[in-house]
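S.K.: any chance you can model this:
(2 chains)
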Amino acid sequence: MKLNRRTIFGTLTAGALAMSMAACGGGSDDNGADGEMVSGEITGSGASFPDAFYAAAIEAYAEVNPDLIVTYNAVGSGTGKSEFGEGLNDFAGSDSLVKDDDGPEAGSFQYIPTVAAPITVSYNLPGVEGLQLDQETLANIFQGAITAWNDPAIAATNEGVTLPDTAITVAHRSDGSGTTSNFTKFLDEATDAWTLGSGDEVTWPEGSIGGEKNTGVAQVITQTEGAIGYVDLADATETKLVTAAIENADGAFIQPTLEATTAALDGAEVADDLSYNPLNAAGAETYPIVAPTYILLRTDYEDEEVAAGVKEFVNYLLTDGQDIATDNYFAPLPAGLQEQALAALNETIA
Amino acid sequence: MTATAPPEAPPEIDLGGEARSRRTDRGFTGLVALAGLTVLIVLGLILVTTSVQAWPAIAADPIEFLTGTTWDPNEEIFGTLGFLYGTLVTSLIAMIIAVPVSIGIALFITEVAHRRSRKYIVTIVDLLATVPSVVFGLVGSIVLIPWVQPIYQWWAGVVAPVPGLNVIFDETNTGRNYFTAGLILAVMCIPIITSISREVFATVPDIDKQGAYALGATRWEMIKGAILPHSFGGLVGASMLGLGRAMGETIAVALVIGGAIGVNTNLFAPGNTMAAVIAQQWGESGGLHTDALIGIGVVLFAITVLINFLARVVVRRAEIQMKGAHS
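M.R.: Numbering: from 1, shown residues only, chains lettered A, B, ... in the order given. Predicted coordinates:
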């Protein structure tokens, strides 16, 4: 026993030593390669929705500039914003705009849009693919007013499709989520029929099933025949869910793709503070349920090194980083919005 | 309790370090007292700070906060009864399953199992306690849920004509519900309750057991007459620790309970518990919503204390009743 423990300990120590040596080596090799590179450490926290993209971008950025260490904690938009208000992070990620009681004071921050992603409406109905849903029917399905798949309202937009009489089960997020917020906001804004309101969590009709995070909702849909739910594109694609084409503002039925998402950003009106609402945006090719996400910058950073670091990293996200977005099922910003975001970045951090 | 005579005081031996040892002794007493106090201080601080934080949400309408079943953060309506109900119901299901099973395992280990196989069984049961709760949740949501749903459906059909039962076990379209959460919690409580029950049974004096056998008792009669009365208090304590785990369990429940708001008498319907809802909504909350979530924490804390207090009372009463006749 004693001998055993010693061997394990020895191996561990050796491993740790090797790792720390490797880390030292890597650092010194790159030192001085580029005099202009900023260095230091910056920390961001907030929305979990763009986390996959930020994590991939941080990893890729570490190869470009290993001297600036970027950390992003996906703690949720709400927590991110309140940490921003308390000065606990250097930038915050948020899917939603800042409200009065969120923490950050008005005028102390600048929105920088980074990427966007479609929210798919996925369903489990064996044998039925490419279902088309108009906005009002979608609202009625999710608020429990339409209860069977062969309802005339669904059949009306799906000529030639044989719909079974399977009962509809609504799958939703059980955790508070920006995805829920954007999805319900879409139904609330786009239709008169929607009665459940909008927000990070709403009271779903009886008989609907909550799943934890996107993965959980995807799981509920796979496990339940007749289920329909809203899931981000990454999980819908990876769990091979069947997605519905949703009617957009121009009356066309569009499948959730990254191209249709970027088209939605192009069609959305951008406000002066760079916040924008891509839901139900105009354009024949736009997907109507698109979630934006922002980074909140401080308007005055106390530490110049931190300011330079944040600027450098966000600049990377908006330029080279945009190429990483599509690999992670996020849509890059259209050229116009990208320029506006870069201009705002340069103006906020001189 | 068996009356063991206090051991006779050993003759005093002078080790030559009396003053020093007395000082160490006093230091030790202080240190241990401090350790004990720390628990109290930490508990007190938690209660005070959380209550202060939660106050705006509770003070708005304390009665609504405790008895309302509508939880709508967008409208700033915070009624927590649905979550309280979920916590109590899932914990109750867990206890109904876990307590008899655990006591059974503990009796098997201490009284029935062969001496040599005993330690292996103990290790295996204890191993169950080391499985992280998120793993239980994942196994529950990926493996258990699709598997149990048809069973629930079948059972709902069987009891459909029985009044009362058909309200508790009604039709369902999902395995994500109170009952599944209760099942997962039961499995998580079993190692805790078993291991303490085992310790409790081990304290039953051999004389009592031999005495029962000598009077011609069968093994079951011996267990009923000698072991169980002696251990009652300890068993309640063990169950309380298990209950504490069940009521406070968060992630495993969040993954399998389905996240519905309100009170549903159908145990096969989705619901939510206090601990789970805090974890689910915390990240995206702000303002009064955050305060209300902390308020749920305060209520959960208060209820845990209350239940523990009640358990104390039960134990004291029962011990007087059950042991009075024996010793």
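S.K.: for the chain, just list every one of the helices.
M.R.: Defaulting to chain A. Using DSSP state H, the helices of chain A run over residues A:2-30, A:51-64, A:77-85, A:135-142, A:152-156, A:178-190, A:213-223, A:233-238, A:258-267, A:304-318, A:322-327, A:335-348.
S.K.: you answered for a different chain; I wanted chain B.
M.R.: B:18-60, B:62-67, B:81-107, B:115-130, B:133-139, B:145-159, B:165-168, B:178-202, B:206-214, B:219-222, B:228-248, B:251-256, B:274-282, B:288-324.
S.K.: quick one: mean pLDDT for the last one?
M.R.: Helix B:288-324 shows a mean pLDDT of 86 in the predicted model.
S.K.: and for stretch B:49-66?
M.R.: Mean predicted confidence for stretch B:49-66 is 92.
S.K.: ditto for stretch A:145-160
M.R.: 95.
S.K.: what's that stretch in contact with?
M.R.: By CB atoms under 8 Å, 6 or more residues apart in numbering or on different chains, the surrounding residues in contact with stretch A:145-160 are A:125, A:128, A:131-134, A:136-137, A:140-141, A:161, A:163-168, A:193, A:226, A:247, A:253. C-beta here means a position set from N, CA and C on the backbone, and glycine is covered the same way.
S.K.: filter those to the buried ones?
M.R.: Among those, those scoring as buried are A:125, A:128, A:131-134, A:136-137, A:140-141, A:163, A:166, A:168, A:226, A:247, A:253 (criterion: 16 or more other CB atoms under 10 Å in any protein chain shown).
S.K.: any idea how far chain B is from the most centrally placed residue in chain A?
M.R.: Centroid check for chain A by CA atoms, centre = their mean gives A:Phe49 as the closest residue, at 3.2 Å. Shown here: A:Phe49 relative to chain B, a distance of 10 Å by CB to the nearest CB, to the nearest Å.
S.K.: that residue and A:Gly178 touch, don't they?
M.R.: Yes - with contact defined as CB atoms under 8 Å, A:Phe49 counts as touching A:Gly178 (5.3 Å).
S.K.: which neighbours do the two have in common?
M.R.: A:77, A:95, A:291, A:293.
S.K.: quick check: beta-bridge partners of the third one?
M.R.: For A:Ala291, the beta-bridge assignment (DSSP bridges) gives partners A:Ala117.
S.K.: these two touch, right, it and A:Thr114?
M.R.: No - the pair A:Ala291 / A:Thr114 is not scored as a contact, 11.9 Å apart, by CB under 8 Å.
S.K.: in space, what's closest to B:Asn308 - neighbours in sequence excluded?
M.R.: With CB to CB, 6 or more residues apart in numbering or on different chains as the measure, B:Met240 is the residue that lies nearest to B:Asn308, at 6.0 Å, once sequence neighbours are left out.
S.K.: that neighbour: neighbour count?
M.R.: By other CB atoms under 10 Å in any protein chain shown, 21 other residues sit near B:Met240.
S.K.: that older thread, so how do I select the buried members of the shared contacts of A:Phe49 and A:Gly178 in PyMOL?
M.R.: Buried subset of the shared contacts of A:Phe49 and A:Gly178, written as a PyMOL selection, criterion 16+ other CB under 10 Å:
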select buried, chain A and resi 77+95+291+293
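S.K.: just curious, which of the shared contacts of A:Phe49 and A:Gly178 is nearest to chain B?
M.R.: The nearest member of the shared contacts of A:Phe49 and A:Gly178 to chain B, counting by CB to the nearest CB, is A:Ser77 at 5.7 Å.
S.K.: distance check, that closest one against A:Val290.
M.R.: Distance, A:Ser77 to A:Val290, by CB to CB, to the nearest Å: 17 Å.
S.K.: try A:Asn277
M.R.: For A:Asn277, the distance to A:Val290 - CB to CB - is 9 Å.
S.K.: those two: which has the busier surroundings?
M.R.: Ranked by neighbour count (other CB under 10 Å), A:Asn277 and A:Val290 place A:Val290 first, with 27 against 17.
S.K.: list the contacts of the more buried one.
M.R.: Per CB under 8 Å, 6+ apart, neighbours of A:Val290: A:116-119, A:182, A:261, A:264-265, A:278-279, A:281, A:331.
S.K.: do that again at 7 Å, thanks
M.R.: A:116, A:118, A:261, A:264, A:278-279 (CB atoms under 7 Å, 6 or more residues apart in numbering or on different chains).
S.K.: cool, and A:Ala227?
M.R.: When contacts are counted by CB under 7 Å, 6+ apart, A:Ala227 is found next to A:123-124, A:169, A:171, A:220-221.
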